[in-house]
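Q: Build me a structure from this.
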Amino acid sequence: MNSLDNVSRKRAKLKGHPPGQDGRAAALTDLGNALHDRFPEMAVVADLEEAITLAREALELRPSGHPDRGISLNNLACVLKDRSQRQAKMPDLEEAIELFREALELRPSGHPDRPSSLLHLSVCLSNRYDVMRVVTDLEESVSLGRAALELCPPGHSDRGTSLNNLAYCLMGRFQKHTEIQDLEEAIVLHREALELRSSGHPDRSSSLHNLAFCLSMRYDNKRVAADLEEAVTLGRAALQLRPAGHPERGISMSNLACDLRRKFWMQAEMPGILEEAIELHRAALELHPSGHPDRFSLLHNLSRCLLDRYTSQKAVADLEEALAFVYAALELCLPGHPDRGAVLKLAEHEIKLVIRNIIPATMPTRLLNTLTGILCDLEAQILHFTSSQQYDQLLSSCTTCDPDQRMELIHTSVSEYFQYAMFSHRWGKGEPLLRDVEGQPIYDMSVTEGFGKLQSFCLAARKEGYMWAWSDTCCIDKDSVFELRRTIGSMFGWYRRSALTIVYLSDVLDAGSFESSEWFRRGWTLQELLAPPRLLFYNKDWSLYKNLTSPNHKTDAAILAELEKATGIDSRILTNFSPGMTDVRSRLQWASSRSTTRPEDTVYSLFGIFDLNLPILYGESAGIALTRLLTTIISQFGDISVLDWVGEASSFNSCFPAHIAVYRTPSLLALRPYAEERTLLMGQQPPPSSTALQKLLHSLTEPPLPQILGRRLKLPCITYHVTAIQLKTADQHASSYTYEVQAAGLRRLDITLRSELENVTMSPDALRLVRPWHRSLLGPPTELYTTAEEQLLNTLRMPFNALLLTQTHHDSYKRIASSTLITAQPTDTASILQSEVEVLEVV
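A: Next comes the predicted model:
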């Protein structure tokens, strides 16, 4: 008979026993029991509520002295106990305890139902201890549990339940008093209960789960690996018996995840264990929505697992997620909660780890404290911050802020506290190194040479309101190759994120102009000029340049005019510079007249300007460093403007220059105004057909990208065959040879070379003038042109810088270096329409 039929039958029976008729109490009891039995199956709360109402009425009909009063007391206590467990109603539990006590008094020693009453009362007292933490409840539950077990010898139907209950009570006492004998006894009891609950038993999953939990506790106490291994095995078995939809599946997931985390710490070389633990915690969290009493512990444990994975793998996303979960747990852990202290400690630990990530990622890991003159490494910086009022305010704000803004709040707090000034200068004699200033205030040192300059820099930064400062003299361990490389790769970002950069011009007097300062001819100072948002120039005597009191010399019109004149860099770029691949050729030109102590630094100083993260390989030549830079620019970004140079070719490839100085010559001719293009360049020529232009546009807007394979350059270009070449002038003393060249589709032009061409090179089939091509040469759409085809045509009409190539063996070409830029121009529209991109292999 199913539960629905049973309830219907019992309800019909009750109707046959109206109030006042004999047998009504029994009918009430039967219907109440049927509803109580149906509740676990159907989970209809109304069944539980009705069962309580019926049990109360039945109890009223069985007053003190009634032979069945004990049954009614027990029935009402059982349904109240179940409702207290489901709805966390403490009054129900209190009433159930009192009812079980009265029922126990009616079931003296020898009564067949005494074991049941002892067991139920023990369970209720244990449940109340879990909530109220009154030790007398715990002790009484253990005593009653032992008494119940004694009355349930082997073979008794309730022995398994009694074993499990006493083991649970002993486990609770172990957690309170940490007496190992309680835990050992609980394990023995759980093992016996598990033997009684063989495969298929409805309570087997509970015994597996409980034994696994006790073994985990013993592992924490004794560190016996076998206990943990068995706990994991039992936990997996319990989870298999609790499929999706099982009410205890979430707790099995959580406990197994905690054991897997323990196993990870025991066997850290097995990261897959931690991955599984995290996934189990996530799945368990989904089964415990907001308001569930176990949600707090799940959030806390998931945060710890993610923190473990961060510690192992250093993925910042894990740390950020761990922080989010620990604060979600903290919201459920109000003041007075026994675990609040541990959660707050975990949250603060994770915040410190976030700070430890922020500092190296955004600022130098060594800074001078301008107040004390002490050089602080990363640990000292963190200690300084975590001892400050700002840190206390951050901790307070993190508990109340919007969770989506917490990481931003931490970043902001750290960056505001560590606003720092950067130093830009020319190295001189006696510059203090790291070993010279570690552990002692710089203000106590000599004021001569570099020490005095460092002190003046820190004082200037302090006067501007900054507690932290960085100098390339003493804030780098130059004996560490790793740190030196990391610093060089980070400096552009440090200057860019600085609150102020102080430029010291040691060769500029009070009344002088800085245009002739050596500072403008040094390699590293280019990025130190471009990167900072705020900059102040100081004279030799540490007075402000020209006594200008403007807060930022990069926005002062008079200084900007001088800077533009001294550097050749447009003032708009100086005030709003962005690192990257914009106008690559100009950036190379800015650096072409600068020098560094180490030749390869001339190239390394450009990595930040181009926003590139390339290896720093001291010991390689400046030419090799330049080749690596240009190879990256061409192969990754397709920028062919770097091929516009005049001078000596590299041994790597004839299209690459030997040194950066070749970029001093300005690049492409400035574009003429649109009106001049149409009236001066081509004159009155019949417009080409739209079909021809569309075909040309399609071929030139989708060309292949340039590639570098080994030492060979695959160069997309528009080629022009040289049809005639004749020597015009020769100056052997000056190594200058000028040739008149005629190429198909181009106007006649002169080319000046460093050496005389050989006869075989001058053969008509050997030479090509080429226009390296990339679709970016078309430029962005502009309102000057009505169509893209018109823009393309006028772009191709313009003069361009050509390369002179000579054919070598195996269909490859070699560039012939010229003494001046080769400026070529198409003859007419017809020759332009014949343009097509060809990929040549240049060696």
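
Q: residues in contact with Arg628?
A: With contact set as C-beta atoms under 8 Å, 6 or more residues apart in numbering, Arg628 has these partners: 603, 614. Where you see a C-beta, it was placed from the backbone N, CA and C, and this is true even at glycine.

Q: List the buried residues of the helix or strand hosting it.
A: The secondary structure element spanning Arg628 is helix 622-637 (assigned by DSSP states H and E). Neighbour-count burial for helix 622-637, with 16 or more other C-beta atoms under 10 Å as criterion, is recorded at 622-635, 637.

Q: Asn653: which of these is nearest?
A: For Asn653, the nearest member of the buried residues of helix 622-637 is Thr627. The distance, counting by C-beta to C-beta, is 7.7 Å.

Q: How about that closest one: what's its closest non-neighbour residue?
A: Phe652 (4.7 Å; C-beta to C-beta, 6 or more residues apart in numbering).

Q: Next, find the distance separating the one you found from Glu620.
A: Distance from Phe652 to Glu620, counting by C-beta to C-beta, to the nearest Å: 12 Å.

Q: neighbour-wise, which of the two wins?
A: Phe652 (21 against 15; other C-beta atoms under 10 Å).

Q: For Leu612, which non-adjacent residue is closest in space?
A: If you skip the residues right next to it in sequence, Leu612 has Thr632 as its closest partner in space, 6.2 Å away by C-beta to C-beta, 6+ apart.

Q: was I right about the one you found contacting Asp611?
A: No: with contact defined as C-beta atoms under 8 Å, Thr632 and Asp611 do not form a contacting pair (11.2 Å).

Q: Run the chain-centre distance for stretch 529-546.
A: Distance of stretch 529-546 from the chain centroid (C-alpha atoms, centre = their mean, to the nearest Å) equals 36 Å.

Q: Likewise for stretch 362-380?
A: So, by C-alpha atoms, centre = their mean, the centroid of stretch 362-380 is 25 Å from its chain's centroid.

Q: Now do the end-to-end distance for that stretch.
A: When the termini of stretch 362-380 are compared using C-alpha to C-alpha, to the nearest Å, they are 16 Å apart.

Q: Can you list the buried residues in it?
A: In terms of neighbour count (16+ other C-beta under 10 Å), stretch 362-380 has its buried residues at 363-370, 373-376, 378.

Q: can you check stretch 803-812 too?
A: Of the residues in stretch 803-812, those buried by neighbour count under the rule 16+ other C-beta under 10 Å are 803-807.

Q: tell me the least confident of these?
A: For the buried residues of stretch 803-812, the weakest pLDDT value sits at Gln807, with 91.

Q: I'd like the distance between it and Thr829.
A: Shown here: Gln807 relative to Thr829, a distance of 29 Å by C-beta to C-beta.

Q: what does Ala817 give?
A: When distance is defined by C-beta to C-beta, Ala817 is 32 Å away from Thr829.

Q: can you check His246 too?
A: As judged by C-beta to C-beta, His246 and Thr829 stand 81 Å apart.

Q: Name the residues that touch the helix or strand containing Asn801?
A: With secondary structure defined by DSSP H and E, Asn801 is part of strand 800-807. Here strand 800-807 makes contact (C-beta under 8 Å, 6+ apart) with 643-644, 655, 667-669, 717, 720, 746, 751, 761, 765-772, 813-816, 818, 821-825, 840, 842.

Q: filter the residues you listed to the buried ones?
A: Buried members of these, counted by 16+ other C-beta under 10 Å: 643-644, 655, 667, 717, 720, 746, 751, 761, 766-772, 813-816, 818, 821-822, 824, 840, 842.

Q: any idea which helix is longest in this protein?
A: helix 340-362 (DSSP state H).

Q: buried ones in that helix?
A: Judged by neighbour count using 16+ other C-beta under 10 Å, the buried positions of helix 340-362 are 343, 346-347, 350-351, 353-355, 357-359.

Q: after it comes which helix or strand?
A: Next along the chain after helix 340-362, taking DSSP H and E as the criterion, comes strand 367-369.

Q: In the stretch 251-400 of the chain, where is pLDDT below threshold?
A: Residue ranges of the stretch 251-400 of the chain with pLDDT under 70: 268-269.

Q: still on that earlier bit, give the partner strands of the strand holding Asn801 in its sheet and their orientations.
A: According to DSSP bridges, the neighbouring strands of strand 800-807, each with its direction, are strand 767-772 (antiparallel), strand 812-815 (antiparallel), strand 822-824 (antiparallel).

Q: any chance of those in TSV, with distance to Ser595 and mean pLDDT too?
A: Shown next, in TSV, are these (distance: least, C-beta to C-beta, whole Å; pLDDT from 0 to 100):
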stretch	distance to Ser595	mean pLDDT
strand 767-772	29	94
strand 812-815	26	94
strand 822-824	28	94
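
Q: Nearest to Asp294, out of those?
A: Checking the strands paired with strand 800-807 against Asp294 by C-beta to C-beta gives strand 767-772 as the closest, at 67.2 Å.

Q: List of residues touching the helix or strand just after the closest one?
A: Along the chain past strand 767-772, the next helix or strand (assigned with DSSP H and E) turns out to be helix 788-797. Applying C-beta under 8 Å, 6+ apart, the external contacts of helix 788-797 come out as 674, 677-678, 681-682, 688, 690, 693-694, 696-697, 700-701, 777-779, 781-782, 784-785, 825-826, 829, 832, 835.

Q: buried set for helix 788-797?
A: For helix 788-797, a neighbour-count test (16+ other C-beta under 10 Å) marks 789, 791-797 as buried.

Q: how distant is it from the center of its chain?
A: Taking the mean C-alpha point of helix 788-797 and that of its whole chain, the gap between them comes to 45 Å (C-alpha atoms, centre = their mean).

Q: what pLDDT, on average, does it get?
A: 85.

Q: then it to PDB, C-alphas only?
A: Once non-C-alpha atoms are left out, helix 788-797 reads as follows in PDB (Å, rounded to 0.1, in the frame of the first residue of the first chain):
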ATOM      1  CA  ALA A 788      38.000  54.700 -50.900                       C
ATOM      2  CA  GLU A 789      39.000  54.200 -54.600                       C
ATOM      3  CA  GLU A 790      39.800  57.900 -54.900                       C
ATOM      4  CA  GLN A 791      41.800  57.900 -51.700                       C
ATOM      5  CA  LEU A 792      43.800  54.900 -53.000                       C
ATOM      6  CA  LEU A 793      44.500  56.500 -56.300                       C
ATOM      7  CA  ASN A 794      45.800  59.700 -54.800                       C
ATOM      8  CA  THR A 795      47.900  57.800 -52.200                       C
ATOM      9  CA  LEU A 796      49.600  55.900 -55.000                       C
ATOM     10  CA  ARG A 797      50.200  59.200 -57.000                       C
END
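
Q: relative orientation of it and strand 767-772 in degrees?
A: 140 degrees (axes from the mean of the first three to the mean of the last three C-alpha atoms, to 10 degrees).

Q: now the longest strand anywhere in the chain: mean pLDDT?
A: With DSSP state E applied, the strand covering the greatest number of residues in the chain is identified as strand 712-731. If you average the pLDDT over strand 712-731, you get 93.

Q: now the angle from that strand to helix 788-797?
A: Between the axes of strand 712-731 and helix 788-797, defined by the same axes, to 10 degrees, the angle is 40 degrees.

Q: So which bits of the very next helix or strand once past strand 712-731 are buried?
A: The element immediately downstream of strand 712-731 (helix or strand, assigned by DSSP H and E) is strand 736-743. Within strand 736-743, the residues that qualify as buried by neighbour count (16+ other C-beta under 10 Å) are 737, 739, 741-743.

Q: Also stretch 259-267?
A: Result for stretch 259-267 [16+ other C-beta under 10 Å]: buried residues 259-264.

Q: can you check stretch 108-121 too?
A: Buried residues in stretch 108-121, defined by neighbour count with 16+ other C-beta under 10 Å: 114-121.

Q: End to end on it, go ahead and measure it.
A: Terminal-residue distance, stretch 108-121 (C-alpha to C-alpha): 14 Å.

Q: Give me the distance from that stretch to the chain's centre.
A: Relative to where its chain is centred, stretch 108-121 has its mean C-alpha point 61 Å off (C-alpha atoms, centre = their mean).
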